[in-house]
Every structure is written in structure tokens, then in C-alpha cells.
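*Asks:* Here's a sequence, model it:
(chains A and B)
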Amino acid sequence: MKFDLVIAGVGGQGNILASQVVAKCAMDAGYNVVNTETKGAAQRGGSVLSHVRIADGEIFSPLVPAGQADVLLGFEPLEALRYIGLLGKKGTFIINTAPVPTILANMKVDEYPSTEQIVAIIKEKGLDGHFLNATRAAKDLGNVLLTNVVMLGAFTAVSSVLQPDVILKKLLTMVDEKFHADDSRAFAVGRGLIGKEG
Amino acid sequence: MRKEFMLGNEAIARGAAEAGVRVVAGYPGTPATEIVDLCGGYPGVYAEWSANEKHAFEVATAASLTNQRSMAVMKHNGTNAAADFLMHVNFTGIRAGMVLITADDPGGLSSQCEEDTRILVHNYAHLPMFDPSSVQEAYDMTKAAFELSEKTELVFALRPVMRINHAGGMVEYGDVAPQSRPAEFVIDRKRFVMSAVVEKESGGELRPKMRHRWLNAKQAELKALMEDSPFNRVEKAPGEVGFIGCGIGYAFLKEAERIHGAKLPILKLSTLPLPEGKVLDFVRGLKKVVVFEEVEPVVEKLIKELCFEHKIVLEVLGRGGYLPSEGELSTNLVLTAVEAALAGKDYPAPAQGQYVSARTRTQCPGCSHRGLLVALKEVVRKNGGVVTGDIGCHDAGTFEPMNLQATIYCMGSSIPMAYGIKKAGFDKPVYALIGDSTFFHNGLTGLASAIYNGADITVVIAYNSTTAMTGFQPHPGSANNLNQPVTPIEPGAVAAAMGAKVFRCNPYNVEETARVIAEATAETGVKVVVAEALCYLKFGREGKISYTPRQVAVDVAVCNGCGLCVRTFGCPSITLSEGKAVIEPSSCNGCGVCVSVCKRGAIK
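*Replies:* Numbering: from 1, shown residues only, chains lettered A, B, ... in the order given. Below is the predicted model:
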């Protein structure tokens, strides 16, 4: 068994927490796990990419090689586009369509592609996956910070490598109790979004 | 033996603690930073943030001379800063086991430059090094390095790369033994006094030459140790093309082998000096080898030399021309090279990547540096001055949209470079912009040099009371060290004592800051402007901020959508939407600096 997950997002989106939840669940299940993050000044608005590698045998590289990821979670569409090359031909993506504009695009010195453009480029690659608006779902639940939990819930609907209730339980052990009710709701909403996206 | 998931830096700290390290000193630098803090968490371990890496190296070495195991922790730029000391401690050797962590950042993912400290530490200083290929090996090597250091009386270096320091994996580990060594300092001037002294016993030879001979003689002992080292090994498979994986290069090679789908003849090399016998055994019968190493062709050249000495005809390929000579390795790069080498082809020229809109780093919303950058920019816009920059969060002032600092080199360069520009005859004002941690790291001597040489510059010190860039480590200007509260050394007081004219401002007040910088500029000599405000990101969490938070909003009736605020200011919280500036309330921290940027007064 080998399962490679990459999570692409922007600093502050809870990317690293989500990857740690998956990594810890895999360890509890007795798998070998290797992970790493590339987070060039993430707290300062940079791009964050988490790699989680799970196997029942030896894992050498902490980085998921290009074209080898089983699942790519894109917490932000531009970041998903940046790292889509990591996804394997038989892999699955889940991409949050809510953009976080870049500073350079805000200044009009660079262009942030439209969601339609990003979706078109990714579809052109012939990859399988789901586009959904996790940010809107999180806002509807009352807190934009729940975006990562919505995405994590959606992840459990496309991958059977770990049990959904195990992932949720692990998540709840890693956050303050006052967020448990909201996180559980967001997780369920995320799971429900798969298959229902337009 | 227990097994647990650890980050590379946790594994290194664990290894050091189990090896009985007593004193750990470092200066923050990605990717090595966390090691120092983590070591400090073990009972009986004294850990500190030294003012710079050279001092960390000196503190750690002195502890070793006092019979306590010690470790100095730094990133590659720091090892450069400590190079002078390195080139002395190699000749003296040490007493108790001592390890130097010199972390490299291939690709320069979080650094000003890409370099390979194996050249500095091994090729130049002739010290032994371990190059870990996994988190487990980082732990194993750290422990082994202490033992071997003590045995050989030499500093052993561990050279982890970013992908080791910041990777996590399962690590089998042991117990931390209680500290039991007496702290003894035995005076041995023949070893520990590096000076051009005539040595009677060596027929009147000078000590530097004698110690050089000692270090050279050590190399044979080291080579024998590496021959038996478990960190080097051969994996046999048929074929005339062999592959050599060094450090993380081995990890990428093993991944590539898995994807390639057939066993390859592999030599794993993770030590310097090389296990020459093992290398010779491996290459005999092969026609070609490809060496995968980060980042310079260090092992590749040593193997070429070895083959030359032993009259072995072998094609040795690697970073010296076959593979890309710059940047990080990857599984895909290694796989491409393996398949090309097996097919007898050149490494294919990589296809030009497609540009995806960049996400540049900037100051956080609420950062005091933004106000300082805006004020300084306003001053130089009017007087045509030049700003030399330094290392720290404020270095993002060199990017769009600030485009302020004209140079960034290394820690502390801003001050001597500023007055060098003036001494060359430049007739407009010159400013050195430097952070507080950097000021104490390597800015003090630059300031002394400037004052001593009658410079006419304005030094602006961004005093936010922390080393923010690397994750908020304290420094001599902070109110605590790694272990306890202390009285901060105030940069302005130091500058005044040196003879500079000192000015002060709060950078959240842009008008005041611009006025104070302009006043300082009007004076002659070395002027120091201390722009003091706590780092929002660190101290904001503790409820301590240096501004009065306010509700900032755009008056849409006044805003004409000119975009000056986004084009010149670059706060992530401000965007233009439907022809008007918009402030995102969820990310705005209410510092109000943007109010001064809008010339129409639309931001209130």
C-alpha cells in the first residue's frame, strides 16, 4: 500500500493542521508515514504545500514526486494549479474554487487567472476530481477558518485509505473543545459536497 | 528502543540529548532554527541564542574544552559567518564530543543564496561530515557524531538539508542518559593557543604548521572510520552503470529506483571523507557512475580524484556538468538522469516551466515595518537617496510594490555598504536599513567602522524586539533570552555610546517617522534612527502592540479608485474592487498606517 497526499494552499488556511491530522491517523493505523511542508514565509501570505506519504513499506523521499500523488487537495485554486503536476494520472483532486488574490495581482502588476481559466487548464489535463467552494461553505457555517475542515471532510468522501470518523476524531483531539461542534458540522458539510457539486 | 514520529530537527535534538550534550548554542536560521529551542527543553541542557553564529561556535567549543559535550547550530550563511573560528578549531581539535550542525538549503527556498557547506567544512577546513538521507539517519548520525568526535578529538559536522530538517518520519530512539561528566578545564596551550609560536620539540617549527600537520595526519584515521561506517553501503545489482546517492540524494535515488521498476547498482555515501575502499570496490567493473548530491559536485570530484590515483578508467557524471549544476534535486530529476544514463544519453534539457502567478512574501497586515518602509520611501523619493538593505522581514521592502532597498547581501552588510557608497563620492543621502537582531549579529562592528571613519550616513534600525523572520527568537535587544527575563540592550543606547547621533520614532506614525528621518538626514556624521515598535505577529498574541487599534474603512464617496494604496503600499488587506479600494476586515489588524497613504483621505 502506498498513498501520497499533497495539500496546496496559502498561509493561514490551516493546511498544515489538515496534513497533520491525516499523518497522525495513518500512524495510528500502523502505517509508515513521512511528511514535509514547504512554507516559504507562510505567515506572511506565501504559498504552503504539505506532503503526506503513507505506505506499509519503506518511504525514502519526504517529497511526493511529480505525477505520483493519489490525492491533491487545493485549498486555493491558484495554488492547486501551481502544484497540479504532482497529481498522478489516476489521482483525484479536490479544489476549493474561492481565490485568495496575490499581492502582485492586487497591484495590477501580475494577473490572477479567473476561476474559469484555472478550471479549464486543469480539466484540459484530463485529471479526475472535484471543484467546490469550501470557503463559501465555511462562511455559511459562520467561520471562514472552517475551510480546511470542509476540505478534510470532502477528502474522506474520495479516499477510503482512512476511516472518516477516525479522521474527525483525530481532528477534534487537535483543536480546542469550543470548536468541536463547528468542526464536526464543517466536516459533514465537506463530505456532503462531494458528488453534489454543479 | 521506542519509535515515534519526529521532525528532522526534533530527531537531531533528541540524538544530541541522548548523546549527553550539555551546551547548545546557535543563531536562528531556516532550516536549522528549531534545534536550539528543542535542545533547551531537555533537562540539564544549557541552550542559548548567541548574538551570531561565530559566537555560538565559540561558546560551544569552549564547553567542549571544559569536558562537556556541546553543539553549535546554524544555517549555511551562519557557517560562513563562523568560518574564521572554523579555520582555527579544526587545527586545535576539541576535548569532549562536539557537533556542528550546518544546515543547507539547496534551491535557496528560504535563503539569500544557495551553497554547499561541505566545501567550507570538509574541503577547506578538513573536518569530517555526515550528510543524512532520512530523519532516522539524522538522529543516528547526531549520536554517532558525538562519539566519533570525542574519539578523534575533532569537531564532527552534520549537514542536513531543508528536506531533512523540516521533514517528519518515524524514528527509533533510545533514552537520555543523565549528565555525569565533571566540568574540568585542563590548560593545554600547545593545542588551544593558536599563535605563531616556535615549538622547541618540533625542531623550531611554528605552531600553525605543526597543527596543520596534526590535522592532515587525522585524515587517515577518519578515512578508516568511514570505511566501517554503517552510513555508507553498497546495494548490488547487475549493470555497467552505477548510481551514487549522497545524503538526501540517496532518498531521491531510491524513490526513482522504485518508479523505474528494476534494481540498480547503488552506493549510498553519507560521510566525508569518503570510504575510499568501498568506493573503489563499487566502481570496479562499472563503466559509468552518476553521483546525486546536494548541491556542488563535491563527492563527484573526490571520486574522479580517487579513480585517477588508482588508474581506474570510469566516466563520473553528476553536478559537474551532466546534471543541472544549480538547484535542488528531486525524484523526477534523478529518475530522468537514471534513465538517460542507462540509455547512454545526455541529461535532457529541462522544459521551460509555465509561469503561475507568483505569491510573493510581504509584511503581515499590522506589521510595523510597513510604516517604516513607507516613511523612508517618502524621504528618499524627495531627496534621491539610496537605501542599502539587510536581512529580516523588512527585506520584503525590496519587492513590489515598495521597491525601496537597493542592495541585500548578508547579515550586517547594510551599514558598511551605505558608507562605502558615500566614500565613493555619491552626493545624495544614503540610508542603511537594518533590523535589531541583525544589528546585534553583525551590525555593531559595521557601525563602529562607520563612526570611526567619519561616515555621513543615516542608519535606520527597525527595533521590533524579536528575530521575527525565523519565528520570533529573542536577541540581545529583547527582554528575555532563551532561558529567562533580561534587561534589553537598547540599540539606540549602544549607538549613542559609540558616538552616533540618535533619533527615535514609532514607525506606526508615518508622518513622525518621515519627519525624524528627514531631520536625521539634515545632520552630518553617522545618525541612527531607532524605529521602535513591537512585532505585531509575535507580541500581538500576547496583547502587547505599539499602536492604538482602530476600525479602518474606505469612504467610498471619497475614494476615486486611483489604486495608490495597493500600488505603493502592498498591505494584503487592501484590494481594489469595482473601482474602489476595499479593506478586508477579517485580515486587517487596524494599525491605521494605510490612512497616511491615501492622498485623498479616503481611508479613515
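
*Asks:* could you list every residue that touches the closest residue to residue B:138 other than its chain neighbours?
*Replies:* Closest residue to residue B:138 apart from its sequence neighbours, by Cβ to Cβ, 6 or more residues apart in numbering or on different chains: residue B:132 at 4.1 Å. Quick note: C-beta positions are derived from backbone N, CA and C, even for glycine. Going by Cβ atoms under 8 Å, 6 or more residues apart in numbering or on different chains, residue B:132 touches B:8, B:138, B:141, B:158, B:159, B:160, B:164, B:247, B:248, B:270.

*Asks:* pLDDT score assigned to the last one?
*Replies:* This points to residue B:270. Residue B:270 carries a pLDDT value of 98.

*Asks:* what do you get for the second one?
*Replies:* Note for residue B:138: predicted pLDDT of 98.

*Asks:* I'd like to know which elements the host helix or strand of it is packed against.
*Replies:* Residue B:138 belongs to helix B:135-152 when assigned by DSSP states H and E. Helix B:135-152 is packed against strand B:2-7, helix B:8-18, strand B:98-103, strand B:129-130, strand B:156-158, strand B:167-173, helix B:207-227, with contacts defined by 3 or more Cβ pairs under 8 Å, 6 or more residues apart in numbering or on different chains; DSSP states H and E.

*Asks:* Export those as CSV, with columns for mean neighbour count and mean pLDDT.
*Replies:* Below are those laid out as CSV (neighbours: other Cβ atoms under 10 Å in any protein chain shown; pLDDT from 0 to 100):
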stretch, mean neighbour count, mean pLDDT
strand B:2-7, 16, 93
helix B:8-18, 27, 98
strand B:98-103, 29, 98
strand B:129-130, 24, 98
strand B:156-158, 27, 98
strand B:167-173, 21, 96
helix B:207-227, 15, 97
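
*Asks:* what's the closest of these to chain A?
*Replies:* strand B:167-173 (3.5 Å; Cβ to the nearest Cβ).

*Asks:* got a list of contacts for the closest one?
*Replies:* Contacts for strand B:167-173 (Cβ under 8 Å, 6+ apart): A:23, A:27, A:32-36, A:59, A:62, B:1-8, B:11, B:14-15, B:18, B:134-136, B:139.

*Asks:* One more: stretch B:412-420?
*Replies:* So stretch B:412-420 is contacted by B:386, B:388-390, B:405, B:407, B:409, B:430-434, B:438-439, B:441-443, B:445-447, B:449-450, B:453, B:455-457, B:459, B:526 (Cβ under 8 Å, 6+ apart).

*Asks:* So which of these sit within helices?
*Replies:* B:438, B:445, B:446, B:447, B:449, B:450 (DSSP state H).

*Asks:* could you list every residue that touches the residue nearest the centre of chain B?
*Replies:* Nearest residue to the geometric centre of chain B (Cα atoms, centre = their mean): residue B:75, 3.2 Å. Residues in contact with residue B:75 (Cβ under 8 Å, 6+ apart) are B:29, B:30, B:31, B:32, B:33, B:102, B:103, B:104, B:105, B:111.

*Asks:* pLDDT score for the first one?
*Replies:* The predicted local confidence for residue B:29 comes out at a pLDDT of 96.

*Asks:* And the helices in chain A?
*Replies:* A:15-28, A:77-83, A:103-106, A:115-124, A:134-140, A:147-158, A:164-173, A:180-193.

*Asks:* So, low pLDDT: which residues of chain A?
*Replies:* Applying pLDDT under 70 to chain A flags the ranges A:40-45, A:196-198.

*Asks:* repeat that for 50
*Replies:* A:42, A:198 (pLDDT under 50).

*Asks:* Residue A:35 against residue A:23, yeah?
*Replies:* Yes. Using Cβ atoms under 8 Å, residue A:35 is in contact with residue A:23, at 5.0 Å.

*Asks:* The two: who's more crowded?
*Replies:* Of the pair residue A:35 and residue A:23, residue A:35 is the one with more neighbours under other Cβ atoms under 10 Å in any protein chain shown, namely 26 against 23.

*Asks:* What's the local residue count around residue B:83?
*Replies:* 17.

*Asks:* What of residue B:523?
*Replies:* For residue B:523, using other Cβ under 10 Å, the count is 12.

*Asks:* Residues of the stretch 351-500 of chain B that sit close to chain A?
*Replies:* Applying Cβ under 8 Å from any Cβ of the partner chain, we find that the stretch 351-500 of chain B lies next to chain A at B:356-364, B:393, B:396, B:400-401, B:469.

*Asks:* Quick check: chain neighbours aside, which residue is closest to the residue most central in space within chain A?
*Replies:* The centroid of chain A falls nearest to residue A:73 when counting by Cα atoms, centre = their mean (2.9 Å). Leaving aside its sequence neighbours, residue A:73 sits nearest to residue A:7 (Cβ to Cβ, 6+ apart; 4.5 Å).

*Asks:* and residue A:148, what is it in contact with?
*Replies:* A:9, A:13, A:14, A:15, A:17, A:18, A:75.

*Asks:* Can you list the residue ranges for strands in the stretch 301-450 of chain B?
*Replies:* Per DSSP state E, counting those that start in this stretch, the stretch 301-450 of chain B carries strands over the ranges B:315-317, B:386-388, B:430-435.

*Asks:* which secondary structure elements does the second one contact?
*Replies:* This points to strand B:386-388. Using 3+ Cβ pairs under 8 Å, 6+ apart, the elements in contact with strand B:386-388 are helix B:368-383, helix B:414-423, strand B:430-435.

*Asks:* need the ones you listed in JSON lines with mean pLDDT, distance to residue A:136 and mean neighbour count, can you?
*Replies:* As requested, the helices and strands packed on strand B:386-388 are exported to JSON lines (pLDDT from 0 to 100; distance: least, Cβ to Cβ, whole Å; neighbours: other Cβ atoms under 10 Å in any protein chain shown):
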{"stretch": "helix B:368-383", "mean pLDDT": "97", "distance to residue A:136": "30", "mean neighbour count": "23"}
{"stretch": "helix B:414-423", "mean pLDDT": "98", "distance to residue A:136": "46", "mean neighbour count": "23"}
{"stretch": "strand B:430-435", "mean pLDDT": "98", "distance to residue A:136": "40", "mean neighbour count": "30"}
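
*Asks:* In CSV: those, plus distance to residue B:120.
*Replies:* Output for the helices and strands packed on strand B:386-388, formatted as CSV (distance: least, Cβ to Cβ, whole Å):
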stretch, distance to residue B:120
helix B:368-383, 32
helix B:414-423, 22
strand B:430-435, 25
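
*Asks:* quick one: which of these is nearest residue B:587?
*Replies:* Across the helices and strands packed on strand B:386-388, residue B:587 has its closest neighbour in helix B:368-383 (13.6 Å, Cβ to Cβ).

*Asks:* Run the angle between that closest one and strand B:430-435 for me.
*Replies:* 180 degrees (axes from the mean of the first three to the mean of the last three Cα atoms, to 10 degrees).
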